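Peer 1: this one's sequence-less:
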């Protein structure tokens, strides 16, 4: 059996941190100047804005948000990983499926950090 | 009017190079160790393999391939750009629409190069 890609392990741990509302642990997976797509047309840039966005998201889902991964594909090139992933958001009776796109960079050739977090994937196109 | 993002200009020029079968010009847009998804489950890694793939693609489409861009969204974070783009492939009567995902890196803080080229976008999921 192939060992899981380190980016897969990072995503699983980050999603557990979202569910646990452990924002210190969560932010540790992001590069300093990373970008998070909060919703189409609205982005957070940098750890401070990203933390605020996750606090607001937790409140929006009334602290019931559970994030799980479906199928994941990782395409790696030049110390960069493009992640295509089915992401499952649950909050009480609400269930949302998305096909997310994330980009990770291998910092100093060692640790993978998220630089672009776009859970909307290609649905960001034609949003009007 | 906002000036076009340099990544948009690079993609437009690269697509013109594909149509013109100018592989020297085309390869100039890729990082040395970039990855191209040729089709689900088949990737080319590095400039030599990517060049061979584009030569094979040109032959597959009987040298009639024209590549155009539809809507494009660029999400930038940490010197990295995630591109979500409608791509239109035409070859004679054949027309193919895809929602592509590309990743570009700003090399030495100046020039943007493609590091992951996945024209299948999130359709790479559930391909079996």
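Peer 2: Looks like it arrived, so ask away. Just so we're clear, the structure is a prediction, and the values are computed from it rather than from any experiment. Residues are numbered from 1 along each chain as shown, chains lettered A, B, ... in the order given.

Peer 1: Every contact and neighbour count from this point should use C-alpha atoms.
Peer 2: Fine.

Peer 1: mean confidence for stretch A:37-44?
Peer 2: What stretch A:37-44 shows for mean pLDDT is 95.

Peer 1: Stretch A:77-90 now?
Peer 2: 96.

Peer 1: does any part of that stretch sit near chain B?
Peer 2: Yes: Stretch A:77-90 reaches chain B (Cα under 8 Å from any Cα of the partner chain) through A:77, A:78, A:80, A:81, A:82, A:84, A:85, A:86.

Peer 1: And the helices in chain A, which stretches?
Peer 2: Along chain A, the segments classed as helices by DSSP state H run A:6-20, A:23-27, A:47-60.

Peer 1: Identify the farthest-apart pair in the residues of stretch A:77-90 next to chain B.
Peer 2: A:78 and A:86 (24.0 Å; Cα to Cα).

Peer 1: Looking at these two, which one has more neighbours?
Peer 2: residue A:86 (22 against 19; other Cα atoms under 10 Å in any protein chain shown).

Peer 1: so the more buried one bridges to which residues?
Peer 2: residue A:99 (DSSP bridges).

Peer 1: residues in contact with it?
Peer 2: The neighbours of residue A:86, taking Cα atoms under 8 Å, 6 or more residues apart in numbering or on different chains as the test, are A:69, A:70, A:71, A:72, A:97, A:98, A:99, A:100, B:125.

Peer 1: same thing but at 6 Å, please
Peer 2: Going by Cα atoms under 6 Å, 6 or more residues apart in numbering or on different chains, residue A:86 touches A:69, A:70, A:71, A:98, A:99.

Peer 1: what do you get for residue A:79?
Peer 2: Residue A:79 touches A:105, A:106, counting by Cα under 6 Å, 6+ apart.

Peer 1: Got phi/psi on it?
Peer 2: Dihedral pair for residue A:79: phi 60, psi 20, per degrees, to the nearest 10.

Peer 1: closest one to residue B:116 among the helices of chain A?
Peer 2: That would be, of the helices of chain A and by Cα to Cα, helix A:6-20, which comes in at 15.5 Å.

Peer 1: mind listing what's buried in the closest one?
Peer 2: For helix A:6-20, burial by neighbour count (16 or more other Cα atoms under 10 Å in any protein chain shown) applies to A:7, A:8, A:10, A:11, A:14, A:15, A:16, A:17, A:18, A:19, A:20.
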